[in-house]
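Chemist: What would the 3D arrangement of this be:
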Amino acid sequence: MPKLPPGIEETFERYLMGPTLVNEALREIDPSQLNRPNDDGWSVRDILLHLADTEMMRAIRFGLILAEDEPALPVLNEKQWKRKLHYLWRSPEAALSLFTQTRFAMGEMLRQCDTQAWERRGVHPEIGRLTVADLVRRGVEHVDEHVAQIEEMRRR
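Modeler: Sure thing, here's the model as predicted:
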């Protein structure tokens, strides 16, 4: 089995911990808090569905980068997805399960990648060139941001 590139081990472990961090933020949450929007109009339910959708998009981006040469990476318009994909009516439990399974499946795949694979790039129209390692780092930051958001919403 290939070894993770130097310097990515800690970030990769944090990437794998994402579902655990989300579950901890949700521990013993009152169901009435799931649909209560924050000042930006996002609820805990919305955040869970957003995490699932963005993790699926991240998985597609991983696949594109690993299988193609500098592919164009798709953009996800989070406000449109929230509105047009009916976040209000969808299951937060299913979203959390999808997020968890996608993250673990990608972790399993990424463990098989050699150093050259981690350095492969795709081109995001808004961000520019992104490597596989960049996508993992951004995945860690994304979960950290939303876990903090859920915790803040629960304190109110």
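
Chemist: can you give me the strands in the chain?
Modeler: 121-124, 128-131 (DSSP state E).

Chemist: Near residue 7, how many other residues are there?
Modeler: As a burial measure, residue 7 scores 10 neighbours (other CB atoms under 10 Å). For every residue, glycine as well, the C-beta is placed using N, CA and C.

Chemist: Actually, residue 108.
Modeler: Other residues lying near residue 108 total 10 when counted by other CB under 10 Å.

Chemist: That one and residue 15, how far apart?
Modeler: The gap separating residue 108 from residue 15 is 12 Å, by CB to CB, to the nearest Å.

Chemist: And residue 80, by the same measure?
Modeler: Applying CB to CB, the value for residue 80 to residue 15 is 26 Å.

Chemist: Give me the more crowded residue out of these two.
Modeler: Each of residue 80 and residue 15 has its neighbours counted (other CB under 10 Å); residue 15 has more, 21 against 9.

Chemist: can I assume that one is in contact with residue 103?
Modeler: Yes - contact criterion CB atoms under 8 Å: residue 15 and residue 103 qualify, at 7.2 Å.

Chemist: where in the protein is pLDDT low?
Modeler: 1 (pLDDT under 70).

Chemist: ok, and the closest non-adjacent residue to residue 5?
Modeler: Sequence neighbours aside, residue 115 is the residue nearest to residue 5 in space, at 4.4 Å (criterion: CB to CB, 6 or more residues apart in numbering).

Chemist: Kindly report the same for residue 106.
Modeler: Nearest residue to residue 106, sequence neighbours excluded (CB to CB, 6+ apart): residue 59, at 5.3 Å.

Chemist: What of residue 102?
Modeler: Counting by CB to CB, 6+ apart, the residue nearest residue 102 is residue 55, at 4.5 Å.

Chemist: and what of residue 38?
Modeler: residue 153 (5.3 Å).

Chemist: so how far is residue 145 from that neighbour?
Modeler: Going from residue 153 to residue 145 by CB to CB gives 13 Å.

Chemist: Looking only at neighbour counts, state which of those two leads.
Modeler: Using other CB under 10 Å as the criterion, residue 153 and residue 145 rank with residue 153 on top: 20 against 10.

Chemist: Pretty sure the more buried one sits against residue 48.
Modeler: No - under the criterion of CB under 8 Å, residue 153 is not in contact with residue 48, lying 11.8 Å apart.

Chemist: And residue 133, how far from residue 45?
Modeler: 31 Å.
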